[in-house]
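*Asks:* Quick one, what's the 3D model for this:
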Amino acid sequence: MDSNRNSLKNMPELVMEKILSDLDFFDLISLRKVCQSIRFFIDNFRKMNPKLQSIRITVEPKSIKSTYRFLDNSERLIIYQTLPNRSSLLKWDQKKRILANSNYMDIFLKDFEIFWKNQKLKMEKFQLDLAGNPLKIIYGIRKILAANYENNSNFELGKFEIETSNPCQIPKILSKINPKTLEIWNKNDEKEYWDLEEISKLNQWKNAKKLTINGFYVDPEIRISENFEKIDLIFEAISWEQVLEFKK
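*Replies:* Okay, the predicted model is just below:
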């Protein structure tokens with residue numbers, strides 16, 4: 001194994017580019033974990049493009065699941081889990097790998113960064129399912145999205161769907177993307193009132209074309225953007241005057 005690694009990383013750059021060109025994006029993600037020099041070459045490989053249709057991230061207390069759907073409708077799932085003794089377990093394509101002295105969240109964030117920053121121009125859907133309040137993941141994702149938001153102003157996102165029990169998490173992510181459709185889901189079983197005032201001040205809220213909320217009530221006085229072509233909201237109570245105002 002060591003000799004194979006050495007021969008691979010010592011290959012001329014043109015040969016390495018030819019090898020990488022024949023691999024799909026998911027294989028490149030796996031290959032970059034072999035050693036630091038190969039990882040550096042792959043991260044700077046100019047022809048990388050995952051050609052994603054959508055990304056779904058599910059964050060649980062001790063694991064993260066990333067589902068990547070490609071333009072050919074194929075799907076790849078990566079599971080990141082924490083293990084005792086500062087180790088991480090990765091699962092993909094019926095394969096497993098244990099990484100010693102590692103943090104599963106750091107591994108996930110690096111993989112996600114490579115997928116996101118190399119996606120060209122457009123993605124149909126980005127879904128984020130958050131359990132609890134995983135601040136490291138939220139701020140890690142936010143940082144990655146922010147870099148792309150600043151460097152790739154032409155990037156288009158069709159839909160952003162977030163499922164959470166904490167509305168304070170939403171603007172941290174939404175402020176760094178620009179979706180045409182916004183869906184917000186409450187993970188709690190019982191309906192409750194959510195204050196979306198901070199979210200409704202964002203340009204992303206104002207620029208969206210469609211809005212759907214599910215599982216919570218909002219204030220009838222909530223800001224409704226003139227750009228909205230379709231809205232689906234839930235009110236605990238609303239006056240007839242407010243109904244007429246919405247119809248305008």
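*Asks:* close enough to count as contact, Ile184 and Pro171?
*Replies:* No. Assessed by CB atoms under 8 Å, Ile184 is found out of contact with Pro171, at 11.0 Å. Where C-beta positions appear, they are placed from N, C-alpha and C, glycine not excepted.
*Asks:* What about Phe155, how many residues nearby?
*Replies:* Neighbourhood size, Phe155 [other CB atoms under 10 Å]: 18.
*Asks:* Neighbour count for Ile184 and Pro171, which is higher?
*Replies:* For Ile184 versus Pro171, neighbours defined as other CB under 10 Å are more numerous around Ile184 (22 against 18).
*Asks:* Which pLDDT does the model give the residue nearest to the more buried one when sequence neighbours are not counted?
*Replies:* Computed as CB to CB, 6 or more residues apart in numbering, the closest residue to Ile184 that is not its neighbour in sequence is Ile213, at 4.8 Å. The predicted local distance difference test score for Ile213 is 92.
*Asks:* Same check on Ile231?
*Replies:* Ile231 is given a pLDDT of 86.
*Asks:* for the helix or strand that contains it, packing partners?
*Replies:* Per DSSP states H and E: Ile231 is located in strand 230-232. Packing partners of strand 230-232 (3 or more CB pairs under 8 Å, 6 or more residues apart in numbering; DSSP states H and E): strand 210-214.
*Asks:* Give the pairing partners of the helix or strand following the strand it packs on; include direction for each.
*Replies:* Scanning forward in sequence from strand 210-214 by DSSP H and E, the next helix or strand is strand 216-217. For strand 216-217, the paired strands and their directions (DSSP bridges) read strand 192-193 (parallel).
*Asks:* What lies in contact with whichever helix or strand comes after the partner strand?
*Replies:* Once strand 192-193 ends, the next helix or strand along the chain (criterion: DSSP H and E) is helix 197-200. Helix 197-200 has contacts (CB atoms under 8 Å, 6 or more residues apart in numbering) with Pro167, Ile170, Pro171, Leu174, Trp205, Asp219, Ile222, Arg223.
*Asks:* try it again with 10 Å
*Replies:* Counting contacts by CB atoms under 10 Å, 6 or more residues apart in numbering, the residues outside helix 197-200 that touch it are 167-168, 170-171, 174-175, 182, 184, 205-206, 211, 218-219, 221-225.
*Asks:* of the residues you listed, buried ones?
*Replies:* Buried subset of the contacts of helix 197-200 (neighbour count, 16 or more other CB atoms under 10 Å): 167, 170-171, 174-175, 182, 184, 205, 211, 218-219, 222, 224.
*Asks:* List just the nearest of these to Glu60.
*Replies:* Distance to Glu60, by CB to CB, is smallest for Ile170 among the buried ones among the contacts of helix 197-200, at 18.8 Å.
*Asks:* so who does the closest one touch?
*Replies:* 128, 130, 160, 162, 164, 182, 184, 194, 196, 198-199, 202, 205.
*Asks:* residues in contact with the residue nearest to Ile184?
*Replies:* For Ile213, the residues meeting the contact criterion (CB under 10 Å, 6+ apart) are Leu182, Glu183, Ile184, Trp185, Asn186, Trp194, Leu196, Ile222, Ile231, Asp232, Leu233, Ile234.
*Asks:* Can you name the residues bridging to Phe216?
*Replies:* Judged by DSSP bridges, the bridge partners of Phe216 are Glu192.
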